[in-house]
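Visitor: Everything below, folded, please.
(chains A and B)
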Amino acid sequence: MSVVTRRAFLRSSGVGLGALAGAGLAGCAPAIKGDFAPKKGPRVVVIGGGWGGATAAKYVRLLDPKIEVVLIEPNREFISCPFSNLVLAGLRSIDSLTMGYDGLRKHGVRIVHETATAIEPDRKRVRLGEGSLQYDRLVVSPGVDFQWEQVDGLAQNQDKVLHAWKAGPQTVQLARQLASMPDGGVFVLSVPPAAYRCPPGPYERTSMVAWYLKTHKPRSKLIVLDANQNIISKTALFRAAWRAYPNIDYRPASRVVGVDPGAREVRTEFDRIRYDVVNVIPPQRAGAIAVQADLVGGDKRWCEVNHVTYESVKQPGIHVIGDATIGLPVPKSGNVANAMGKIAAASAVSLINGRQPPTLAPGNTCYSWVSDREAIAVVNAYRIENGKVVQIEQKLTPAQSPLVAQRAIGWTQSIWADILA
Amino acid sequence: MSPADRPSRQSLRRTRLTRLAPRCIVLAAALALGAPTGSTAQAAGPLDERGALGSMTCAACHGQAGNSRSSAMPILAGLDAAYFKKQIGDYAAGKRLSPEMEPYAKQVLNLGVDDIAAYFASRRREPTPIQSPADAVARGRSAAAQCVICHGPQGHGDAGKLIPNLAAQAPGYLREQMLLFKQDRRSPGDPALAALKALMKTIPDETFGDLAAYYSSLR
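Guide: All right, here's what the predicted structure looks like:
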C-alpha cells in the first residue's frame, strides 16, 4: 500500500494539497515540525482514511461545519478492498476501485498524507514524527496490521509470499502470479484464524480463483487451507456455489504455520503442501497506532469500545472504529466501518457541543461474488439495548443470483460516494 | 438555458463548497446532507433535524438524503411518507421479500419509522444520474400507455392511493421491481397488487428495461 505509482502521485499531489493551510502539510514538503497547523476552533482529528475514518471525517463536517477536521492518511488514494477479489479473477481493474480524496476536501476536510506515530491523550495531541496536531476529539480508524511472526518464514519473504489483503499493488501482483501460473498448477490459499478483516473475504477469493482456473486453466487446482473449523460466513451459500468448482480442495482445521518460497511449500501443523502460487492471508490485529497508543486490550490485538460512542474503554476521549474494534456482535466489514464512522462522528460532534450522544446502532450489508456474474449476501441489523449493540436480525440471500450481483454493484457505487463524495 | 445545458444540482453544490467563504459552508453542508424542501429546519442543523441522524445508516445504499446515485438502489428522497411506511412495514413483516431490506426495515422501526419517513419525504428528489439510451426511452414511452392509468402521465403516481412516484427513479431498481411483480415475488398474495401483477404478466421481460429507462428519464 505504500507504493505510489507515478500516475497516482501526479493525480493526487496537485490541486487538493494547495488548499491546505500552512507549509509542511504536503507529503512532498520537508519533514513537518512542531504544531504545524495550530487549532483555530473545535477540532476533530481522524487517523486513517479507510472505510471508517474517511466516513467519520466527512460526517463531522456535515453534522457541524464549525468543527475543523484533519484526516491523517499516508496513502494518496483510496483503494476499495470490497470488489478487489474480482481483480484477481481479471474481472475488474484496480483503477476501477481507486478513488481520490478530493471529495472530502470539498467538504472542508484537511488531509495530511503522513503517518501518525504516537498519541498523547493527556495533551490531546497526535504526533507525526517531529510534527504534532492538537485535537478536541480523536477518531482512530487504524484498520488491521499483520502478525507476520505467526507464520514461520513469512516476515522475511513478504515480497514473495503475498497477502493481497489490503487492496493495492499486492492485489495486482497476485493477479499476475495467477495469470502466469501454468495450467495444471496448484494455487494454495491460506485462511487465518478468526478474527480477521472481512470474514467471507477468503471464501469469496476461493470462488473467484476457482472460477478463473475453471475458465482459463482447467487442469489446475486450488487448495484452501483454513485455520478455522469450517467456512465462517455464508457457509451454506459458499458450499452451494462451490459445487460448480470441483477444482477446489477445501481443508478445514488446517492452520498454516510455515512457508518456504525456496521449496515452494507451505506447512500446516500436520502436512506439507507444494504450490505453484501461494496466497497467505496472515493472522491480524488492530493497526500499529492502536497498539502503539495502548488502545488494544489484554489480547494485544483488538480495541474494546463503548457501544454507543465508540470511545475506547482505555482512553475515553478517543473514539476507535472499524476493523480494529472487538466486542460488538458485528463483522469486521467495510459497511460496518462506514456505519461506525457516522455514529462516531455524531457522537464526537454531540460531545463537542455539550450534548448527549445519540443512541444509534450500525448495520451490515455484505455481498460476495461467487462467479463472474452471480453474488450472495448477508445483512445484519442491530439496535442498542442497555448500552450494548445487539443484533435484531440476520438475513441471507436464498441463493446466488445475477440480481444480487447487480445490487452488489449498486451498493459499491452508493457506499463509495457515501465515504468519499 | 435548455435543461441539457443546465449544470446538475450536484455540480452546483460542489462549486459552492469550493468557492464559498467558511460562514456559507454551514448552508452548503446542510444542503449536502440533504436540503429539506422547507427551509426552517436548516437553521437548527442536522443534529436537531427530525430523522436526520436515524437515516444516516440508509445513506450507505440509498445515498445522501436518500438520493441514490446508483442504478440498482432506489431513490428515497421525495418518497411519500405513507408509502415509505407501508414498504418498511411490509419488508419487516416479510411480505415484501428482500433479504437486504428485512433486517434494515426492522432497524428503521426500532429507530422510529415516522421520523425517518418524514425525513425522506421532505428531501428534494435529485433525478437519477443514470442515463438510458434514447431508443430505450422511446420504446418505453410507447409501452407505458397502460401504466398511465395509475401512475399518471408524468409517472408521479397518486400518494393518496399509495401509488409511488416513478419519475427520475433509478432504472435498475424499477426494472427489478417489475420482474418481481411479474414473478409474484414482491408481496405475494397482496390483493392491492393483483391487477398490477396481472398486467406485468402480459409484458415481455425485455420491455421492463425500456419502461425503466422511460420512467427514470421523466421529471
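Visitor: Up against chain B, what does the stretch 301-421 of chain A have?
Guide: For the stretch 301-421 of chain A, the residues in contact with chain B (Cβ under 8 Å from any Cβ of the partner chain) are A:335, A:338-339, A:342-343, A:346, A:349-350, A:353, A:355, A:358, A:360-363, A:365, A:377, A:379-383, A:392-398, A:403, A:406-407, A:409-411, A:413-415, A:417-418. Bear in mind the C-beta positions are built from the backbone N, C-alpha and C, glycine included.
Visitor: go again using 6 Å as the cut-off
Guide: For the stretch 301-421 of chain A, the residues in contact with chain B (Cβ under 6 Å from any Cβ of the partner chain) are A:338-339, A:342, A:346, A:358, A:363, A:379, A:381, A:383, A:392-393, A:395, A:397, A:406-407, A:410-411, A:413-415, A:417-418.
Visitor: So which of those residues are in helices?
Guide: Those of these mapping onto helices are A:338-339, A:342, A:346, A:406-407, A:410-411, A:413-415, A:417-418, per DSSP state H.
Visitor: Out of the residues you listed, which comes closest to chain B?
Guide: Closest to chain B out of those is residue A:410 (2.8 Å), distances taken as Cβ to the nearest Cβ.
Visitor: Identify the residue nearest the closest one in space, chain neighbours excluded?
Guide: Among residues not flanking residue A:410 along the chain, residue B:72 sits closest, at 2.8 Å (Cβ to Cβ, 6 or more residues apart in numbering or on different chains).
Visitor: Wait, a helix at that neighbour?
Guide: No - when classified by DSSP: H, G, I helix; E, B strand; the rest coil, residue B:72 is found to be coil rather than part of a helix.
Visitor: what stretches of chain B score poorly on pLDDT?
Guide: Within chain B, the stretches with pLDDT under 70 are B:1-44.
Visitor: In it, what residue comes closest to chain A?
Guide: residue B:72 (2.8 Å).
Visitor: Identify the residue nearest residue A:331 in space, chain neighbours excluded?
Guide: Spatial nearest neighbour of residue A:331, chain neighbours left out: residue A:199 (5.2 Å); criterion: Cβ to Cβ, 6+ apart.
Visitor: try residue A:146
Guide: With sequence-adjacent residues excluded and distances taken as Cβ to Cβ, 6+ apart, residue A:146 is closest to residue A:282, at 4.0 Å.
Visitor: Can you give me the neighbour number for that neighbour?
Guide: 23 (other Cβ atoms under 10 Å in any protein chain shown).
Visitor: so who does the residue nearest the centre of chain B touch?
Guide: Closest to where the C-alpha atoms of chain B average out (Cα atoms, centre = their mean) is residue B:75, at 2.7 Å. Contacts here follow Cβ atoms under 6 Å, 6 or more residues apart in numbering or on different chains; on that basis residue B:75 touches B:67-68, B:125, B:169-170.
Visitor: ok now stretch B:135-152, how far from the chain's centre?
Guide: Centroid separation for stretch B:135-152 versus its chain: 18 Å, with Cα atoms, centre = their mean, to the nearest Å.
Visitor: For that stretch, which residues meet the burial criterion?
Guide: Of all the residues in stretch B:135-152, those buried under the rule 16 or more other Cβ atoms under 10 Å in any protein chain shown are B:136-137, B:139-141, B:143-144, B:147, B:151-152.
Visitor: hmm, who's touching it?
Guide: Taking Cβ under 6 Å, 6+ apart as the rule, stretch B:135-152 contacts B:157, B:163, B:166, B:207, B:210-211, B:213-214, B:217.
Visitor: and chain A, which of those reach it?
Guide: Counting by Cβ under 6 Å from any Cβ, no member of the contacts of stretch B:135-152 is near chain A.
Visitor: Can I get these in CSV including neighbour count and secondary structure?
Guide: CSV is the format used below for those (neighbours: other Cβ atoms under 10 Å in any protein chain shown; DSSP: H, G, I helix; E, B strand; the rest coil):
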residue, neighbour count, secondary structure
B:157, 19, coil
B:163, 17, strand
B:166, 23, coil
B:207, 19, helix
B:210, 25, helix
B:211, 26, helix
B:213, 24, helix
B:214, 25, helix
B:217, 22, helix
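Visitor: Specify which member of these is nearest to residue A:325.
Guide: residue B:166 (41.1 Å; Cβ to Cβ).
Visitor: which residues touch that closest one?
Guide: Applying Cβ under 6 Å, 6+ apart to residue B:166 gives the contacts B:151, B:155, B:215.
Visitor: Which members of those residues are positioned in helices?
Guide: Under the assignment DSSP H, those contribute B:151, B:215 to helices.
Visitor: before we move on, back to that, widest-spaced pair of the ones in helices among the residues of the stretch 301-421 of chain A next to chain B?
Guide: Using Cβ to Cβ, the pair of those lying farthest apart is A:346 and A:406, separated by 31.4 Å.
Visitor: in chain B, which spans are helices?
Guide: Shown for chain B, the helices assigned by DSSP H span residues B:9-19, B:22-34, B:40-44, B:59-62, B:81-92, B:101-111, B:113-121, B:134-143, B:148-151, B:171-182, B:194-201, B:205-217.
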